[in-house]
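Undergrad: The sequence and its predicted three-dimensional model are supplied below.
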Amino acid sequence: MAYVLVTDGIKEDGLQPLLNESTIQCDIGSLNEFSDRLDQYEALLVRSATKVTAEVLNQMPNLKIVARAGVGVDNIDLDAATKRGVIVVNAPDGNTISTTEHTFAMMASLVRNIPQGTSSLKSGKWMRKDYVGTELYGKTLGIVGMGRIGTELSRRARAFGMNVAVFDPFLTNDRAQKLDVESVEFDHLLDVADIITVHTPLTDKTRGLLNEETIARTKKGVFLINCARGGIIDEKALIPYLESGHIGGVALDVFESEPPEHNHPLLGYDQVIVTPHLGASTKEAQLNVAAQVADEVLYFLQDKPIRNAINLPGFSKEEYEKIKPYYELTRKMGSILSQCMKSAVNLVEVSYAGKLTELDTAILTRNLMASFLKSRLDTTVNEVNAPSIARERGITYGEKHSSETHGYSNLISVTVQGDKEAFSLQGTYIKEYGDRITQLNGFDIDFHPQGHLLYIQHNDRPGVIGNVGKVLGEHEINIATMQVGRKTAGGEAIMMLSFDSELPKNIEETLESVQDIVKVEQIGGV
Ligand SMILES: NC(=O)C1=CN([C@@H]2O[C@H](COP(=O)(O)OP(=O)(O)OC[C@H]3O[C@@H](n4cnc5c(N)ncnc54)[C@H](O)[C@@H]3O)[C@@H](O)[C@H]2O)C=CC1
Ligand SMILES: O=C(O)CCC(=O)C(=O)O
């Protein structure tokens, strides 16, 4: 039974795939309500209220996946999760339309004083002169961040006859042209925009993007909107410009601290309109994001590919199908390398050739590294935390794509380098035969890496193979398969033997005492 905890009122209708699964027990409530059982959960589903801190992660030693029913993952300590090997997934597009529509509604309300008119009329006044608005038609909307929401917003703005100027360092000219928007530098956007709306994540680069200095560059009467993350517009910096009348109005759905204090200075200005982080609060969006994360968690628990991991390279289902056969091969190669090369390693180089060069191989390299490190360490290592663990241990690794296939349709070559020695391995996947190791430390060989293996380095002399068979026979060890390889007659040679069951611990020492045997390594668990 896998235990899953769902918090923050994630819409239950969307959770059906998880709730209907008999091998999963889903608890719905808060971390506090289930504090005595936190150690049992493998998956945690949250919106934004639950703060998944390093401390919470420590209380959940079995946790493998955190799923955020929404876009922003700023309530999750990503570094701590990654270090622990906990996968973090989100629901990237389930609330795009709702948040876009909310932003548009905020913009229309702001320029036409709708909230102010509403409360004034409800308080018994009829103040038509005070609430003269501004048309959107013909105005320039400055969009900072042209991702999913920025893009949807630009389409709606164009439909309203607005000009759209966009700043996003990752926006190509081609895409800008297709979307019929002008791609501009940030300073230019500040100069030309009548309304500025931000749609970036909150990062070190975007924190305080609109601050005292940058707001000073904006047009007099500018309207500012933040339906992304509190802090992208510096709240304090707005005050002098609201006082002076430089800013025409501000619409905020998000705040630096949520909820904002009831005496927050911005709440006192009539030109500031606010909503309590409602961007994604529609029936549709909440159903979408719940269903997206429920599917992801279910897939993960069933060992199927997940698509929206934040701390793993993403790939589609189709890509996963192509990568799957090599996944097992890289796992085995990492394990064999780690066990054959016992000394400290400071460099791992992975090269992919043939069909593999058409694929995104980053996940394979992570998998290989995880398997390599796992055999050496006592902590949880997986594709998520392998890069940070390698870094911590001073191991540099890299991958490249190469044209050297050595006649195979696909080939993975790995070299691990230490201070004094190096070890290399080549492997391929052949549909009819499965995964094969084709070269080991420069020796051509051909074996299926499976079960309990014994790697023997020896001198190519008559009788060595027979002596190995004799020693193993004396220990009643039955050899399943045996492969030999050599570079030159009479020179260095290797043997790779496989067995049906585990070997006695001391068998390496016994074999190393046989004449002409140089080195023996047991390779288990492949
Ligand atoms: N108010 C609400 O309830 C909701 C808020 N959000 C927030 O809205 C924001 C945008 O969401 P999406 O469009 O889905 O994200 P996205 O990831 O699709 O788009 C973000 C865009 O920002 C751009 N960007 C990153 N750094 C930048 C910088 N320094 N300057 C300019 N552009 C930069 C990226 O290139 C990307 O195109 C996020 O912060 C998200 O958390 C999302 C959903 C609901
Ligand atoms: O869960 C929510 O309502 C917040 C949505 C949000 O801010 C996001 O998806 O980034």
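TA: Happy to help now that I have it. Ligands and ions are numbered 1, 2, ... in the order given.
Undergrad: contacts and neighbour counts: CA atoms only from here.
TA: Fine.
Undergrad: for the chain, what are the low-confidence residue spans?
TA: 314-317 (pLDDT under 70).
Undergrad: how about the longest helix out of those in it: buried residues?
TA: Assignment by DSSP state H gives helix 317-340 as the longest helix of the chain. Residues of helix 317-340 classed as buried by neighbour count (16 or more other CA atoms under 10 Å): 320, 323, 325-340.
Undergrad: Then stretch 7-21?
TA: So, applying 16+ other CA under 10 Å, buried residues of stretch 7-21: Thr7, Asp8, Ile10, Lys11, Glu12, Gly14, Leu15, Leu18, Leu19.
Undergrad: Tell me which helix or strand whatever residue of the stretch 201-350 of the chain ends up closest to ligand 2 sits in.
TA: Closest to ligand 2 within the stretch 201-350 of the chain is Ala280: 4.8 Å, counting by CA to the nearest ligand atom. Applying DSSP states H and E as the criterion places Ala280 outside every helix and strand.
Undergrad: mind listing the strands for the stretch 251-400 of the chain?
TA: Assigned by DSSP state E, counting those that start in this stretch, the strands in the stretch 251-400 of the chain fall at 272-274, 347-354, 396-402.
Undergrad: Give me the helices and strands touching the longest one, please.
TA: The helices and strands touching strand 347-354, judged by 3 or more CA pairs under 8 Å, 6 or more residues apart in numbering; DSSP states H and E, are strand 396-402, strand 410-417.
Undergrad: got a list of contacts for that strand?
TA: Residues outside strand 347-354 that contact it (CA atoms under 8 Å, 6 or more residues apart in numbering) are 361, 365, 395-405, 408-418.
Undergrad: What residues does the stretch 1-150 of the chain have near ligand 1?
TA: Taking CA under 6 Å from any ligand atom as the criterion, the stretch 1-150 of the chain approaches ligand 1 at residues 71-72, 92, 95-96, 99, 144-150.
Undergrad: just to revisit the earlier point, packing partners for the longest helix of the chain?
TA: helix 362-374, strand 422-430, strand 434-440, strand 517-523.
Undergrad: what about 6 Å?
TA: Contacts defined by 3 or more CA pairs under 6 Å, 6 or more residues apart in numbering; DSSP states H and E place helix 317-340 against helix 362-374.
Undergrad: May I have the helix it packs on as CSV, with CA atoms only?
TA: This file holds the C-alpha atoms of helix 362-374, laid out as CSV (Å, rounded to 0.1, in the frame of the first residue of the first chain):
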residue,chain,number,x,y,z
ALA,A,362,20.4,14.0,-20.0
ILE,A,363,18.1,11.7,-18.0
LEU,A,364,20.2,8.7,-19.0
THR,A,365,23.4,10.4,-17.7
ARG,A,366,21.7,11.2,-14.5
ASN,A,367,20.5,7.6,-14.2
LEU,A,368,24.0,6.3,-14.8
MET,A,369,25.4,8.7,-12.3
ALA,A,370,22.8,7.7,-9.7
SER,A,371,23.6,4.1,-10.2
PHE,A,372,27.3,4.7,-10.0
LEU,A,373,27.0,6.7,-6.8
LYS,A,374,24.5,4.4,-5.2
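Undergrad: now the longest helix of the chain against strand 422-430, angle please.
TA: Per axes from the mean of the first three to the mean of the last three CA atoms, to 10 degrees, the angle that helix 317-340 makes with strand 422-430 is 140 degrees.
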